[in-house]
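*Asks:* Sequence below, structure please.
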Amino acid sequence: MRLSKWTLFCALLVVAALSLAGCMNSGNRADTAMPSPSAGATAGTGSVGDPEGANQSGLQNGAGTGSATPFDWKNNAAQVETALNQISEIADSRVVVSGTTALVAVRYTDAYQGDTTERIREMVAGVVREADPTIQTVAVTSEEDDVTDVYAISDRIRAGENAADMAEEIDRIVRNPTTLR
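*Replies:* Presented below is the predicted three-dimensional model:
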């Protein structure tokens, strides 16, 4: 009789372990509603139950959905910058894009006394790629001269100049040794 109790106990333990393992897999599900192919890029892009249409990073309508509609950096870069400024170390940021490369200039909060680290670059890259999955390279700089240049480039793009015309300036900053890629 003792063997039967142990067999039953082991069987219950295996069933419980398999049940718990199945529950752990729920972390892979999507928490955001994806648009249907017929709904367009602006419908249903927010988190489930989010009436504002903002996804987890606060990006609006179509940003971060991986939709077929290309991300409009000229008109929507400010949304991404607002999401970047939510990172605790970052006080202000600007993003300029050339092809599949995004150059992000950051100014840190007074409380943060460090330099740009790989951890910060990865957080910045995550926000940028959530907005536009086609971005392959995210370069981050906090070097004051480069930050000033990126802000100037961003202002020119917002004023109507074509970002493609400034590709050489952007690439020069991306290639700087102080820029983390």
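*Asks:* Please, where are all the strands along this protein?
*Replies:* Secondary structure of the chain, counting by DSSP state E: strands at 90-98, 101-108, 137-141.
*Asks:* Report the buried residues of the longest one.
*Replies:* Under the neighbour-count criterion of 16 or more other C-beta atoms under 10 Å, strand 90-98 has 90, 93-98 buried. C-beta: built from backbone N, CA, C; applies to glycine.
*Asks:* Among the residues you listed, which one lies nearest to residue 8?
*Replies:* Using C-beta to C-beta, residue 90 is the member of these that sits closest to residue 8, with 57.3 Å.
*Asks:* And for the nearest residue to that closest one once chain neighbours are set aside, the neighbour number?
*Replies:* Distances taken as C-beta to C-beta, 6 or more residues apart in numbering put residue 106 closest to residue 90, at 5.1 Å, once the chain neighbours are dropped. By the measure other C-beta atoms under 10 Å, the count of residues near residue 106 is 25.
*Asks:* surely residue 106 meets residue 140?
*Replies:* Yes. Using C-beta atoms under 8 Å, residue 106 is in contact with residue 140, at 6.3 Å.
*Asks:* who touches both of the two?
*Replies:* 116, 120, 124 (C-beta atoms under 8 Å, 6 or more residues apart in numbering).
*Asks:* Residue 87 is in contact with the second one, correct?
*Replies:* The one in question is residue 120. Yes. With contacts counted by C-beta under 8 Å, residue 120 reaches residue 87, the gap being 7.2 Å.
*Asks:* Of all the strands of the chain, which one is nearest residue 16?
*Replies:* strand 137-141 (43.6 Å).
*Asks:* Going by neighbour count, list what's buried in that closest one.
*Replies:* 138-141.
*Asks:* Looking at residue 120 and residue 87, which one has more neighbours?
*Replies:* residue 120 (21 against 18).
*Asks:* The closest residue to the more buried one other than its chain neighbours and residue 133, how far apart?
*Replies:* Nearest non-adjacent residue to residue 120, counting by C-beta to C-beta, 6+ apart: residue 89, 6.1 Å away. According to C-beta to C-beta, to the nearest Å, residue 89 stands 24 Å off from residue 133.
*Asks:* Settle it for me: which of those two has more neighbours?
*Replies:* Shown here are residue 89 and residue 133; by other C-beta under 10 Å, residue 89 has more neighbours (18 against 13).
*Asks:* Could you pull up the contacting residues of that one?
*Replies:* Here residue 89 is in contact with 108-109, 112, 114, 120 (C-beta under 8 Å, 6+ apart).
*Asks:* from those, which two are the most distant?
*Replies:* Among the contacts of residue 89, 109 and 120 lie farthest apart (C-beta to C-beta), at 11.9 Å.
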